[in-house]
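Participant: Give me coordinates for this.
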Amino acid sequence: MRREGAADNGESQPIIQRKKAMSPGPPPPSWKARDGLPARWQLAFISMVGFVFLYALRFNISQTIVAMTGNVSLHCHNRSIMVAAELDWDSEQSGYVQSSFFYGYALMALPGAWMAGRFGSKRVLAGSMLLNAILCLLTPVVSTIGVGYVIALRILQGMIQAPFYPCMHRMWGRWSPQAEVGMLASITYSGPYIGNIVSYFVGGILSERGFGAHAGVDYCGAQWPSVFYVFGAGALIWVVVWLFMAFDTPAQHPRISHCERTYIEKGLANECGDPENRPSEEPYALLDVLPFNFLLPESISSQCRVPWKDILKSLPVWALLINLLAYDYGMYTLMTEVPSYLKNAEKVDIQSSGIFSALPFGMMWLVTLIAGAFTRLPVVQANISITRQRKILTLIGCFIPAVFLVLAGYNKSSTTAIVYITVAGGISGCQMVGSGINQIDLSPRYADVLMGWTNLWAGAGGIAAPYVLSVLTPHQTHAEWKLVFFVTSGLFVFGGVIYVLFGTAKQQVWGEKKPSAPEPQQNNVQEEKVHHQTERNSYASDRPLLV
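Facilitator: Residues are numbered from 1 along each chain as shown. Purely as a prediction, here's the structure:
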């Protein structure tokens, strides 16, 4: 993949000349079954399973809370019994429990990027999953103490999960040339959809037919605690497998073939040009992840390696941020509130609502993999630029779901509502291979920091969704839910339009070289002119949808 802004022999060249000078990356090594699965594909699949458990731990309470706070008809000893609600949380308290996770998530979004650089993605991901699994196992006991303790536990879970995406983006910035990142990342980031399927489907079944309950509740009583025990135990097993199979870079992997390692390293070298432009293994200082550190005294800010001033002035970054904020609000609405909609507005029982709530995520998983495969087709790679691929997939992933959410607002039966919501959620999976991995495109060097920055704001969607829904749906009627679908649809369209107009997949000038020592004023002025002219040329070539 050609990159703008790279230097050659210490001198800046016109963009056109640099493009001609750069040769295409090496072809992927041929694969034979006896060689085993390539290491980068092993990473894709094991990280996908990690995201399955991550989202199961994050959203299991969205389905289980229906059984925790409402009267439930359970199947026990071949008969149905009605079990009264164990927890007397009202709808407002339930909303606090679900949204509290995202307060912690937003709080640690940028420090999570610092942790990835300081301690290594592998260790941070393992520690994050381990602590989350322990908190998940403690949830049934904590819930009997009081709703405030559950809220505190959920905030802590959010803080611990925040480094996951920055760490994974950091790893793919070191494990995959850009031509393959769409396919490999689509496998990894299809995991959240499977996690939601498992969370809703298994959670719905276990809430009615679980194998046990916490102390003080007999077997024919509440079954929802088994949901937390199953997911917590599964996450602990994943941690062990991850520590054995995953490594931060190809150079650290003891079992990777020489051919594959050479392919990855040469591919990244070709894209980044100057060796200084490649992802750095030097850990960040805590000051590096403070977005406004350039406002500090020059003696301090000059030591910062992350070019925050340029990042905050970058239009493609803001286009990505707005798109993710709008998209994530819609996705969190689907993830956390669809079970309540099916139960209260459509009068679907808990087990069935768990199954139906899982359908959109099953389709998302399939669509995400198809979208990733689309980016690897030779005809696509030969004729459609990376920027065009990202914009087309984002356009599909935002506009088509918007249409079907509007249709869901006019549904005449629970069946049509389920169909429309399933299609809307499923097609939105295209966005994950569109703008969802754009941080890696803009700067492999700072992909983890960019992921933390965009996640900080996108997490606001998770905070806002339950509150907005509690205001819009006080009585849980069809008319109220129609307004919810319309608001979500409008945000999908708005976010998609902003990204299509102003987004890009071209590596930004500020995302290439790390800051160097100050030079004489005259040279700085000349370099500034080249910098701004290069960035304007890069942006102008990306401005239309089809570039």
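Participant: Can you give the distance of stretch 438-447 from its chain's centre?
Facilitator: 14 Å (CA atoms, centre = their mean, to the nearest Å).
Participant: what mean pLDDT would you report for that stretch?
Facilitator: Averaged across stretch 438-447, the pLDDT comes to 87.
Participant: gap between the two ends of that stretch?
Facilitator: 9 Å (CA to CA, to the nearest Å).
Participant: Quick one, grab the pLDDT at residue 212.
Facilitator: The model's pLDDT for residue 212 equals 47.
Participant: Same question for residue 479.
Facilitator: Reading off the model, residue 479 has pLDDT 85.
Participant: swap in residue 524?
Facilitator: Residue 524 is given a pLDDT of 47.
Participant: Burial check on the nearest residue to residue 254 once chain neighbours are set aside, number of neighbours?
Facilitator: Of all residues not flanking residue 254 in the chain, residue 247 sits nearest, at 7.9 Å (CB to CB, 6 or more residues apart in numbering). C-beta: built from backbone N, CA, C; applies to glycine. When neighbours are counted by other CB atoms under 10 Å, residue 247 registers 20.
Participant: which residues touch residue 247?
Facilitator: By CB atoms under 8 Å, 6 or more residues apart in numbering, the residues touching residue 247 are 122, 253-254.
Participant: sec struct for the spatially most central residue of the chain, please.
Facilitator: Nearest to the mean C-alpha position of the chain, by CA atoms, centre = their mean, lies residue 165 at 5.9 Å. Using DSSP: H, G, I helix; E, B strand; the rest coil as the criterion, the local structure at residue 165 reads helix.
Participant: Can you give me the separation between it and residue 458?
Facilitator: For residue 165, the distance to residue 458 (CB to CB, to the nearest Å) stands at 10 Å.
Participant: what residues are shared contacts of these two?
Facilitator: Overlap between the contact sets of residue 165 and residue 458, as judged by CB under 8 Å, 6+ apart, is nil.
Participant: And the residue nearest to the centre of the chain, how far from residue 389?
Facilitator: Separation of residue 165 from residue 389 (CB to CB): 21 Å.
Participant: What ranges in the stretch 201-350 of the chain fall below the confidence cut-off?
Facilitator: Residues of the stretch 201-350 of the chain that meet the criterion pLDDT under 70 lie in 208-222, 270-283, 298-304, 335-336, 350.
Participant: if we go to 50?
Facilitator: For the stretch 201-350 of the chain, the stretches flagged by pLDDT under 50 are 212-221, 273-277.
Participant: check which helix or strand covers residue 145.
Facilitator: Taking DSSP states H and E as the definition, residue 145 sits outside all helices and strands.
Participant: related to what we said a few turns ago, would you list the buried entries among the contacts of residue 247?
Facilitator: 122, 253 (16 or more other CB atoms under 10 Å).
Participant: Filter the contacts of residue 247 down to the ones in helices?
Facilitator: residue 122 (DSSP state H).
Participant: can I get the contacts of residue 247 in a markdown table with distance to residue 405?
Facilitator: Shown next, in a markdown table, are these (distance: CB to CB, whole Å):
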| residue | distance to residue 405 |
| --- | --- |
| 122 | 39 |
| 253 | 43 |
| 254 | 48 |
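Participant: Tell me the one of the contacts of residue 247 nearest residue 311?
Facilitator: Nearest to residue 311, judged by CB to CB, of the contacts of residue 247 is residue 122 at 26.0 Å.
Participant: Wait, the closest one touches residue 243, no?
Facilitator: Yes. Using CB atoms under 8 Å, residue 122 is in contact with residue 243, at 7.4 Å.
Participant: and residue 36, how many neighbours?
Facilitator: Residue 36 has 12 neighbours, counted by other CB under 10 Å.
Participant: same question, the one 10 residues further on
Facilitator: By the measure other CB under 10 Å, the count of residues near residue 46 is 17.
Participant: Show the contacting residues for residue 48.
Facilitator: 187-191, 194.
Participant: got it, and residue 156?
Facilitator: Per CB under 8 Å, 6+ apart, neighbours of residue 156: 104, 135.
Participant: How much space separates it from residue 58?
Facilitator: Residue 156 sits 13 Å away from residue 58, going by CB to CB.
Participant: likewise residue 124?
Facilitator: Residue 124 sits 17 Å away from residue 58, taking CB to CB as the criterion.
Participant: more neighbours, the two?
Facilitator: residue 58 (28 against 22).
Participant: Phi and psi next, for the nearest residue to residue 483 once chain neighbours are set aside.
Facilitator: Here the nearest residue to residue 483 in space, its sequence neighbours aside, is residue 472; by CB to CB, 6+ apart that works out to 5.4 Å. Backbone torsions of residue 472, given as degrees, to the nearest 10, read phi -80, psi -20.
Participant: Cross-check the contact I'm expecting between residue 472 and residue 486.
Facilitator: No. At 9.9 Å, residue 472 does not count as touching residue 486 under the criterion of CB under 8 Å.
Participant: I'd say residue 86 and residue 64 touch.
Facilitator: No. Look at residue 86 against residue 64 with CB under 8 Å: they stay out of range, at 11.3 Å.
Participant: out of the two, which sits in the busier spot?
Facilitator: More neighbours surround residue 64 than the other of residue 86 and residue 64, with 28 against 21 (other CB under 10 Å).
Participant: List the residues that contact the more buried one.
Facilitator: The contact partners of residue 64, by CB under 8 Å, 6+ apart, come to 203, 207, 224, 227-228.
Participant: ditto for residue 290
Facilitator: Residue 290 makes contact with 110, 308 under the criterion CB under 8 Å, 6+ apart.
Participant: For residue 309, see how far away it is.
Facilitator: 12 Å.
Participant: Please apply the same query to residue 67.
Facilitator: From residue 67 to residue 309 the distance is 50 Å (CB to CB).
Participant: Those two: who's more crowded?
Facilitator: Higher neighbour count among residue 67 and residue 309: residue 67, with 28 against 16, using other CB under 10 Å.
Participant: and the more buried one, what element?
Facilitator: Under the criterion of DSSP H and E, residue 67 resides in helix 39-69.
Participant: so how far is that helix from its chain's centroid?
Facilitator: In terms of CA atoms, centre = their mean, the centre of helix 39-69 is found 12 Å from the chain centre.
Participant: go on, stretch 504-512?
Facilitator: The answer for stretch 504-512 is 21 Å, by CA atoms, centre = their mean.
Participant: again with stretch 310-329
Facilitator: 14 Å.
Participant: Which parts of it count as buried, going by neighbours?
Facilitator: 310-311, 314-329.
Participant: my guess is residue 175 meets residue 246, correct?
Facilitator: No. The pair residue 175 / residue 246 is not scored as a contact, 10.0 Å apart, by CB under 8 Å.
Participant: So which of these two has more stuff around it?
Facilitator: A count of neighbours by other CB under 10 Å puts residue 175 above the other of residue 175 and residue 246, at 25 against 22.
Participant: Now do the same contact list for the more buried one.
Facilitator: 40, 43, 184, 249-250, 264.
Participant: and with 10 Å instead?
Facilitator: 39-40, 43-44, 47, 181, 184-185, 246-250, 253, 264, 268, 279 (CB atoms under 10 Å, 6 or more residues apart in numbering).
Participant: do residue 357 as well
Facilitator: Applying CB under 10 Å, 6+ apart, the residues near residue 357 are 59, 62-63, 196-197, 199-201, 203-204, 334-335, 337-343, 348, 418, 421-422, 425.
Participant: And residue 236, how close does it get to residue 142?
Facilitator: Here the distance between residue 236 and residue 142 works out to 18 Å (CB to CB).
Participant: Check residue 267 too.
Facilitator: Counting by CB to CB - residue 267 and residue 142 are separated by 47 Å.
Participant: now do residue 135
Facilitator: For residue 135, the distance to residue 142 equals 9 Å [CB to CB].
Participant: Between these two, which contacts overlap?
Facilitator: In contact with both residue 135 and residue 142: 153-154, 228, using CB under 10 Å, 6+ apart.
Participant: Dump the residues you listed into a markdown table; add secondary structure and neighbour count as well.
Facilitator: Converted to a markdown table, those look like this (DSSP: H, G, I helix; E, B strand; the rest coil; neighbours: other CB atoms under 10 Å):
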| residue | secondary structure | neighbour count |
| --- | --- | --- |
| 153 | helix | 21 |
| 154 | helix | 25 |
| 228 | helix | 26 |
